[in-house]
Each structure stands twice: as structure tokens, then as C-alpha cells.
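*Asks:* predicted model, plus sequence, below.
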Amino acid sequence: MVRQVLSLKGSDLKSHVVVEMQDVDNRDLVNMIGGNMVEVIVAHDVIGRLMIQCARAPGLAHVLENMMGFEGAEFYLKNWPDLEGQTFMDITCRFDEAIPIGIKTVDAEGKSEIVLNPPNNMVIKEGDEVMVLAEDDDSYDLNDGSYPVKASEPQKRSKADILSPEKMCAAALPPLRGVSLE
């Protein structure tokens with residue numbers, strides 16, 4: 001994979017490249033060579049982590065299938081000039097048929113970053129894109145922002161709920177480095 005990334009880097013290609021790798025040990029090398037144009041996914045690492053999360057949270061597999069599959073809601077990024085200068089909290093109710101979940105920012109050097117679940121006070125700047133979860137890219141639009149928002153008390157959790165031990169059984173998983181199951 002390193003040779004392919006070097007080849008693409010040496011060409012006049014001005015595109016975003018996603019590389020799927022099997023060996024997590026090569027990720028840093030490919031990232032170093034590819035720079036901003038390359039994004040690396042180590043499939044077995046991601047799948048292993050998702051399997052553990054699904055084991056810990058019954059029903060999560062169904063949610064992930066709906067988000068990652070071609071049926072149901074999907075992720076969409078779009079620039080909304082009308083939202084510039086507003087905070088993430090301000091825009092949470094600006095879409096009737098979509099849920100804002102993040103902001104894609106671009107710095108002065110052209111490097112982009114997607115911030116999922118940004119702080120409520122994060123301001124949307126010129127060129128930023130809002131990431132939403134929606135049924136389709138044409139199924140949602142901005143509303144006028146007049147939707148009333150109710151303030152709610154955060155739920156309080158006891159220390160026992162937070163620190164309670166977990167028991168799980170994971171079968172047919174490849175060895176996972178750095179992951180301990182208690």
C-alpha cells in the first residue's frame with residue numbers, strides 16, 4: 001500500500017484518498033507519506049472495537065446497521081452560509097428532518113477536521129460544513145429557527161451506575177492489542 005500512496009502523492013492528483021489496511025503497524029507510515037490527502041482505515045481494528053461496543057450495549061448493532069447501511073438515515077455534509085456566526089447549540093433545532101452531529105472545519109493550510117458532538121459554544125465559520133444524520137440529502141432543509149427549545153435538567157447517575165463492573169463474553173474475535181475484557 002505504501003507504493004500506491006507514493007505513486008498517488010507523486011502524481012498531480014488533488015483528491016482525497018481512503019486506504020483500507022490490515023496491519024495497524026503500517027498506519028503511521030502511510031499517514032506520514034500521504035499527509036493530508038490520505039485517510040487510513042484499519043478494518044479489523046474498527047470491526048473489533050465495534051463488536052466490543054455492541055456486546056456492551058444491546059441494540060447498538062441495530063443502530064450502527066441503520067447508520068452505515070444503505071437503508072435508513074445516512075451522514076451528510078453541507079455548507080450553510082446562513083448558519084455562519086451561530087454556535088452549534090443555536091443550530092441544533094434548525095433542521096426539521098435532520099440531526100446535526102458535527103462540524104467539518106478547514107484551517108488556513110487547507111487541512112480539514114470533522115468535530116463530532118462539538119461543544120455547544122463552537123461557532124460555525126465561513127467555509128465550515130455541518131454534518132447531519134438524515135434520511136436523504138434532499139429530505140431536509142433549514143427552518144427559520146423559531147422552534148421553541150425547552151431547558152431540561154441533566155440526568156444524574158449514581159456512582160454505582162458509573163462504576164458497576166461489566167461481564168461479557170466475546171467469541172470468534174481475532175486477538176485485539178491493548179484491549180482487556182474484564
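*Replies:* The structure has been received and is ready for your questions.
*Asks:* pLDDT weak spots in this protein?
*Replies:* Within the chain, the stretches with pLDDT under 70 are 1-14, 147-182.
*Asks:* now do the helices in it.
*Replies:* Along the chain, counting by DSSP state H, helices occupy 2-10, 27-34, 43-56, 60-68, 88-91, 159-163.
*Asks:* can you say which of those is packed in most?
*Replies:* Compared across these, helix 88-91 shows the largest average neighbour count, a mean of 17 (mean count of other C-beta atoms under 10 Å). For every residue, glycine as well, the C-beta is placed using N, CA and C.
*Asks:* any chance of the helices of the chain in TSV, with distance to residue 146 too?
*Replies:* What follows is the helices of the chain, written out as TSV (distance: least, C-beta to C-beta, whole Å):
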stretch	distance to residue 146
helix 2-10	48
helix 27-34	45
helix 43-56	38
helix 60-68	29
helix 88-91	12
helix 159-163	37
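*Asks:* count the residues that sit near residue 128.
*Replies:* 20 (other C-beta atoms under 10 Å).
*Asks:* give me phi/psi at it?
*Replies:* Residue 128 adopts backbone torsions of phi -70, psi 150, taken as degrees, to the nearest 10.
*Asks:* my read: it touches residue 102, true?
*Replies:* No. If you go by C-beta atoms under 8 Å, residue 128 and residue 102 don't touch, sitting 10.3 Å apart.
*Asks:* neighbours around residue 144, how many?
*Replies:* 6.
*Asks:* which one of the helices of the chain lies closest to residue 20?
*Replies:* helix 43-56 (5.5 Å; C-beta to C-beta).
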